[in-house]
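Student: my questions are about this predicted structure, shown below with the sequence.
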Amino acid sequence: MTRYGMIIDVDRCTGCYACFLTCRDEHAGHDHRPVALAQPDGQAWIKVGEQERGSFPKVKVSYVPVPCQHCADAACMGAATGGAVYRRKDGIVIIDPDKAAGQRGIVSACPYGAVFWNEERNSPQKCTFCAHLLDDGWKQPRCVEACPTLAIVFGDLDDPASEVNKRRAEKPLEDLLPKLATKPLVSYHCLPKRFLCGEIVLGDRPDQCAVGIAVTLRNGRQTLTTVTDNYGDFEFLNLDVDADFILSIEHAGYKPRELAASAAAEFNLGTIVLEASG
Ligand code: SF4
Ligand code: SF4
């Protein structure tokens with residue numbers, strides 16, 4: 001039996017909005033009964049959220065596309081009455097356009113903000129995984145097909161050879177909001193996390209880039225090491241948001257440095273000068 005799933009790799013997403021625009025092309029102005037009413041202006045069934053971290057000149061921007069997560073534990077289903085929201089055998093969560101009429105509570109029940117209210121037609125609406133196309137033999141929804149960087153993949157979770165299963169094996173899988181434990185059919189790779197970075201300058205040679213200097217970041221649980229690049233810059237990626245670290249720098253001929261990098265610390269530790277020991 002088919003059981004659909006989607007993976008969104010945030011590292012591959014360039015924020016081009018092709019998914020959003022193609023979803024509009026598929027759904028705006030067209031009812032796709034029995035799974036969806038036409039998408040009116042102002043609805044984003046796949047929202048491309050922009051997340052900026054760090055401070056100038058060390059800034060990272062990530063784009064996180066968010067459609068309905070097609071949760072196995074779906075709050076929208078719990079809020080609906082009369083079977084207005086149901087899960088198909090393939091896992092897709094559908095809002096029945098007729099039964100859901102007047103049920104505004106379905107909108108506020110979704111913890112992902114994935115359901116929108118159509119004022120004119122008195123109905124909640126959301127992403128359907130393009131169920132009308134899948135039922136016509138399509139292998140993937142329109143937004144997946146449109147993504148130029150293959151950031152979104154889709155397929156049958158029960159088929160070991162499916163693209164979605166190949167991708168699942170490539171990197172650790174994450175839920176968008178893991179604390180909610182809604183068991184979504186949408187999983188993510190590389191959701192944005194805290195990073196720490198800085199620049200090292202040798203006090204007696206400030207006109208040269210301090211290349212290849214070892215930098216260590218540690219706390220009770222983790223020890224991470226890196227070296228400065230050709231510009232004397234270093235960075236540590238994918239750190240726990242709530243972890244305090246000690247940053248240590250050791251280089252032959254220079255006094256060692258230790259800096260506290262608390263959970264509340266700036267992403268950018270700035271310029272760190274190593275003084276010659278001699
Ligand atoms: S993301 Fe929201 S609308 Fe989609 S299944 Fe989960 S609770 Fe329902
Ligand atoms: S799966 Fe279909 S309905 Fe859902 S966001 Fe993509 S294009 Fe829109």
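Tutor: Nice, I can see it. Numbers count the residues shown, from 1 in each chain. Ligands and ions are numbered 1, 2, ... in the order given.
Student: can you show me the strands along the stretch 101-250 of the chain?
Tutor: With DSSP state E, counting those that start in this stretch as the criterion, the stretch 101-250 of the chain has strands at 116-118, 123-125, 152-156, 186-189, 194-202, 214-218, 223-227, 233-239, 245-249.
Student: average model confidence for stretch 231-248?
Tutor: Averaged across stretch 231-248, pLDDT comes to 89.
Student: related to what we said a few turns ago, could you say which of the strands of the stretch 101-250 of the chain is packed most deeply?
Tutor: Greatest average neighbour count among the strands of the stretch 101-250 of the chain goes to strand 123-125 (a mean of 25), per mean count of other CB atoms under 10 Å. The way it works is simple: take the backbone N, C-alpha and C, and place the C-beta from them, glycine included.
Student: so how far is it off the chain centroid?
Tutor: 25 Å (CA atoms, centre = their mean, to the nearest Å).
Student: who does it touch, helix- and strand-wise?
Tutor: Contact analysis of strand 123-125 by 3 or more CB pairs under 8 Å, 6 or more residues apart in numbering; DSSP states H and E lists strand 93-95, strand 116-118 as its packing neighbours.
Student: that one near ligand 2 anywhere?
Tutor: No. Judged by CB under 6 Å from any ligand atom, strand 123-125 stays clear of ligand 2, getting no closer than 9.7 Å.
Student: which residues touch that strand?
Tutor: With contact meaning CB atoms under 8 Å, 6 or more residues apart in numbering, strand 123-125 is reached by 36-37, 39, 43, 45, 76, 95, 97, 100-104, 106-107, 115-118.
Student: so which of the helices and strands packed on strand 123-125 gets nearest residue 16?
Tutor: Within these, the stretch nearest residue 16 is strand 116-118; the backing value is 22.3 Å (CB to CB).
Student: tell me the strands beside the closest one, with direction?
Tutor: strand 123-125 (antiparallel) (DSSP bridges).
Student: quick one: mean pLDDT for the strand it pairs with?
Tutor: Strand 123-125 carries an average pLDDT of 98.
Student: hmm, stretch 127-144 touching ligand 2?
Tutor: Yes. Remark: stretch 127-144 sits within contact range of ligand 2 at 127, 128, 129, 130, 141, 142, 143, by CB under 6 Å from any ligand atom.
Student: can you pick the most crowded of the residues you listed?
Tutor: residue 127 (30 neighbours; other CB atoms under 10 Å).
Student: surely it touches residue 45?
Tutor: Yes. Checked against CB atoms under 8 Å, the pair residue 127 and residue 45 is within contact range at 4.1 Å.
Student: intersection of neighbour lists for these two?
Tutor: Overlap of the contact sets of residue 127 and residue 45 (by CB under 8 Å, 6+ apart) consists of 23, 67, 68, 114.
Student: is stretch 151-158 anywhere near ligand 2?
Tutor: No. Using CB under 6 Å from any ligand atom, stretch 151-158 stays clear of ligand 2, coming no nearer than 7.7 Å.
Student: can you check stretch 42-54 too?
Tutor: Yes. Using CB under 6 Å from any ligand atom, stretch 42-54 comes into contact with ligand 2 via 45, 46.
Student: quick one, domains of the protein?
Tutor: Segmentation of the chain into domains, based on automatic domain parsing, reads 4-189, 194-274.
Student: lowest average pLDDT across these?
Tutor: domain 194-274 (a mean of 91).
Student: could you check how far residue 223 is from ligand 1?
Tutor: 38 Å (CB to the nearest ligand atom, to the nearest Å).
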